[in-house]
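Colleague: next input, structure requested:
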Amino acid sequence: MRPVSLLIFLLVCLAAFTPSYQAPYALRISCGARNDVHTPPTNTFWYRDFGYSGGILANATRPSYITPPLTTLRYFPLSSGPENCYHIERVPHGHYSVRVFFGLVKDPTFDNEPLFDVSVEGTLVYSLSSGWSNHDDEQAFVEALVFLEDGTASICFHSTGHGDPAVLSIEVLQVGNNAYNFGSDWGRGTLLRTHKRLSCGAKNPKFDVDYSGNHWGGDRFWNSITTFGQNSDKPLTTKNSIKLSPNLPNYYPEALYQTALVSTDNQPDLTYTMDVDPNRNYSVWLHFAEIDPSVTGEGQRVFDIIINGDNIFQEIDIVKMSGDINSAIVINTTVPVSGRSLTITLQLVKGTHTIINAIEIFEIVRAEAKTSIDEVKALQKLKSALGLPLRFSWNGDPCVPQQHPWSGVDCQFDNAKIKWFIDGLGLDNQGLRGFLPDDISKLTHLQNMNLSGNSIQGEIPSSLGKITSLEVLDLSYNLFNGSIPESLGGLTSVRILNLNSNSLSGRVPAALGGRLLHRASFNFTDNKGLCGIPGLQTCGPHLSGGAKIGIALGACAGLLLIATCLTCWWKRRQNILRTQQIAARGAPYAKARTHFSRDVQLARHNNNNGGGHEHARTAAENGPILLS
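Modeller: Model prediction:
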């Protein structure tokens with residue numbers, strides 16, 4: 001075998017036996033950017049702005065050192081509607097960290113520091129509070145860990161009437177499916193909102209220094225307590241020496257364990273106190289690695305972990321639990337908090353000092369159930385068909401977050417199906433135009449629909465009769481034409497039906513007329529041609545649709561027969577006229593022949609009177625005489 005062929009063969013075999021590796025999905029959007037962007041210090045790639053629904057591009061001012069170094073943003077004036085969303089397609093199924101960074105419009109005349117809400121996949125995850133842009137800390141962004149299972153990611157911004165939402169960037173970063181598994185309640189029904197993340201012993205926050213791109217706030221107590229690591233004068237254990245213990249999942253970045261906070265002789269215990277929202281459950285993650293050179297084995301550093309006064313973990317020995325020095329471990333617990341603070345204390349049991357590398361605090365948020373996808377699509381078709389104004393927006397999920405439902409839409413939760421359904425539409429007197437689409441029949445749980453006082457035209461769709469749950473249907477004061485569909489007679493639950501002040505015609509379906517005997521309230525007045533029930537004009541002979549078609553076909557056949565007869569008569573008349581014309585042209589010739597015959601007969605008569613000889617010759621000439 002030739003050397004080149006052998007090399008190719010070996011490469012093919014190596015490729016066949018090499019396990020395939022697919023990098024985690026990562027999408028970063030620089031909001032407001034018209035071109036792709038790379039930012040220092042890690043040359044991070046940001047896509048140009050896409051996936052948005054409305055808004056205005058503008059230059060940005062970064063309100064915090066923890067925000068990425070981007071120069072543009074997108075903001076959403078209230079005229080764009082109260083709900084504005086980035087809807088990102090083709091996102092692989094999995095577990096994701098979704099992060100949104102906020103910015104300020106770079107305009108001195110602009111009302112900077114808007115207050116608004118942020119939702120991810122229909123679940124409210126953050127409400128900006130007053131003063132967020134003046135605090136140089138983590139308040140300038142929000143992060144949520146959420147499962148994305150329908151191939152999309154929906155991030156929405158909800159106006160609260162205090163300025164226009166402004167977004168600097170959005171990140172959708174895939175993490176391990178088992179990442180931050182905090183216990184039995186963890187899974188598709190919950191998500192985690194990042195409340196606090198500290199790199200203990202670090203003076204400055206870390207930005208995109210680790211694989212996952214996590215942002216770690218610097219330790220607020222670094223200058224009062226001994227630190228080990230890159231920001232201290234203590235020995236720094238290099239990254240290569242940190243070993244992740246076998247039971248530690250690989251989504252925890254090694255860079256966490258390059259710094260540590262160590263207690264002092266005068267302060268042997270370490271205490272962190274953080275402000276939190278009351279009456280919430282928090283998932284606490286504590287990161288440890290024994291990087292203190294003074295500790296060389298088990299039993300030299302032992303401590304308890306006390307959270308809000310409760311001794312949660314006793315006799316923590318990092319070396320013993322991780323298996324070696326310079327090896328990392330993570331300890332997790334869930335803490336219900338009724339007050340406004342969360343206090344974590346490392347209380348020394350054995351040794352001289354306590355130590356910690358990093359702290360993560362997540363709020364456990366119950367994920368909202370979504371609205372039926374078929375009904376959402378039906379509303380989107382209705383939005384398009386009616387030309388709904390921008391002020392309605394109708395972006396995201398119509399029912400969740402519950403604090404921000406779509407304007408004019410009422411929702412009902414089905415406990416059995418764990419889904420939201422649309423049970424009411426109130427779009428009366430909104431200046432709507434267009435028509436009602438057939439897809440409105442997919443709103444199968446609709447009980448009340450009021451579209452009165454608009455300029456909606458076209459026929460009433462017969463598919464409306466499929467919504468058997470309808471109790472109130474008000475289409476009055478519009479421009480509907482045609483007849484009332486027979487299918488509306490099947491709305492046996494309807495109590496109020498207002499079709500007045502339109503351009504409807506024809507007979508009111510008999511089934512609807514019968515409903516009047518069951519205390520239903522119907523109004524068909526002010527239509528140009530409706531008939532068939534008391535209060536309306538009397539109808540003429542009523543024909544079914546099939547009969548009307550039969551009559552039309554019969555009339556067409558009759559007209560065809562008449563046309564055929566007229567054609568035959570016209571052709572016969574033409575033949576007669578042509579014959580008369582031919583006869584008139586031959587008349588002089590016929591007259592000449594008649595005169596010639598008469599002259600011959602007279603000559604014969606004279607010859608008979610003049611002599612027998614001539615008569616005999618004439619007879620002989622004329623042939624033999626017939627005898628009787």
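Colleague: which regions of this protein sit below the pLDDT cut-off?
Modeller: 1-22, 136-138, 204-255, 515-518, 541-548, 550, 583-628 (pLDDT under 70).
Colleague: point to the residue nearest the middle of it.
Modeller: G396 (6.0 Å; Cα atoms, centre = their mean).
Colleague: kindly provide the distance from that residue to H162.
Modeller: For G396, the distance to H162 equals 20 Å [Cβ to Cβ, to the nearest Å]. (C-beta placed from N, C-alpha, C; glycine too.)
Colleague: what secondary structure does the residue lying closest to C531 once chain neighbours are set aside sit in?
Modeller: Ranked by Cβ to Cβ, 6 or more residues apart in numbering and with sequence neighbours excluded, the top spatial neighbour of C531 is C539, at 4.0 Å. Under DSSP: H, G, I helix; E, B strand; the rest coil, the three-state class of C539 is coil.
Colleague: what of the one 10 residues further on?
Modeller: Remark: I549 carries the secondary structure label helix [criterion: three-state DSSP].
Colleague: which non-adjacent residue is nearest Y25?
Modeller: Closest to Y25 by Cβ to Cβ, 6+ apart is Q174, at 4.1 Å.
Colleague: what helix or strand does that neighbour sit in?
Modeller: Assessed by DSSP states H and E, Q174 sits inside strand 166-175.
Colleague: partner strands of that strand, parallel or antiparallel?
Modeller: The pairing partners recorded for strand 166-175 under DSSP bridges are strand 26-30 (antiparallel), strand 72-75 (antiparallel), strand 94-102 (antiparallel).
Colleague: next SSE downstream of the longest one?
Modeller: Toward the C-terminal end, the helix or strand that comes next after strand 94-102 (DSSP H and E) is strand 104-105.
Colleague: what does that following strand rub up against?
Modeller: A58, N59, A60, T61, P63, L73, Y75, F110, N112, E113, S133, A166 (Cβ atoms under 8 Å, 6 or more residues apart in numbering).
Colleague: just the buried ones from those, in ChimeraX syntax?
Modeller: Remark: buried members of these, expressed as a ChimeraX selection using 16 or more other Cβ atoms under 10 Å:
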select :58,60,61,63,73,75,110,112,113,133,166
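Colleague: so of the contacts of strand 104-105, which ones are in strands?
Modeller: Assignment to strands by DSSP state E places the following of those there: A58, N59, A60, T61, L73, Y75, A166.
Colleague: and the fourth one, what are its bridge partners?
Modeller: Beta-bridge pairing of T61 under DSSP bridges involves L104.
Colleague: deepest-packed of the strands paired with strand 166-175, please.
Modeller: strand 72-75 (a mean of 25; mean count of other Cβ atoms under 10 Å).
Colleague: may I see the buried residues of stretch 266-278?
Modeller: Quick answer for stretch 266-278 (16+ other Cβ under 10 Å): L270, Y272, M274, V276.
Colleague: again, but for stretch 281-297
Modeller: Going by 16+ other Cβ under 10 Å, stretch 281-297 has these buried residues: 281-292, 295.
Colleague: same check, this time on stretch 399-409
Modeller: Result for stretch 399-409 [16+ other Cβ under 10 Å]: buried residues C399, V400, P401, H404, P405, W406, S407, G408, V409.
Colleague: go ahead and confirm the last one touches P398.
Modeller: Which is V409. Yes: the criterion here is Cβ atoms under 8 Å, and V409 meets it with P398 at 4.9 Å.
Colleague: shared neighbours, those two?
Modeller: L379, I422.
Colleague: run through the helices of the protein in chain order.
Modeller: Counting by DSSP state H, residue ranges of the helices within the chain are 3-17, 318-322, 373-386, 510-515, 545-585, 587-610, 612-622.
Colleague: list the contacts for the residue nearest to Y25?
Modeller: With Cβ under 8 Å, 6+ apart, Q174 has these contacts: P24, Y25, A26, P92, G94, H95, Y96, S97.
Colleague: closest to E471 among the contacts of strand 104-105?
Modeller: Y75 (41.9 Å; Cβ to Cβ).
Colleague: the nearest residue to that closest one once chain neighbours are set aside and E113, how far apart?
Modeller: Excluding the flanking residues, the one nearest Y75 by Cβ to Cβ, 6+ apart is A166, at 4.0 Å. Per Cβ to Cβ, A166 is found 9 Å from E113.
Colleague: on that earlier part again, need the buried residues of stretch 266-278 in TSV (columns: distance to R34).
Modeller: Formatted as TSV, the buried residues of stretch 266-278 follow (distance: Cβ to Cβ, whole Å):
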residue	distance to R34
L270	48
Y272	43
M274	40
V276	40
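Colleague: and the gap between F288 and S154?
Modeller: From F288 to S154 the distance is 37 Å (Cβ to Cβ).
Colleague: and for F524?
Modeller: Counting by Cβ to Cβ - F524 and S154 are separated by 43 Å.
Colleague: farthest pair within the buried residues of stretch 266-278?
Modeller: Maximum distance among these (Cβ to Cβ): 18.7 Å, for L270 and V276.
Colleague: okay, the strands paired with strand 166-175 in JSON lines with distance to C565 next?
Modeller: Shown next, in JSON lines, are those (distance: least, Cβ to Cβ, whole Å):
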{"stretch": "strand 26-30", "distance to C565": "77"}
{"stretch": "strand 72-75", "distance to C565": "76"}
{"stretch": "strand 94-102", "distance to C565": "79"}
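Colleague: of all these, which one comes closest to Q457?
Modeller: Between those, strand 72-75 lies closest to Q457; by Cβ to Cβ that is 36.1 Å.
Colleague: now the residue nearest to Y25, which residues is it bridged with?
Modeller: Bridge pairing for Q174 - DSSP bridges - gives Y96.
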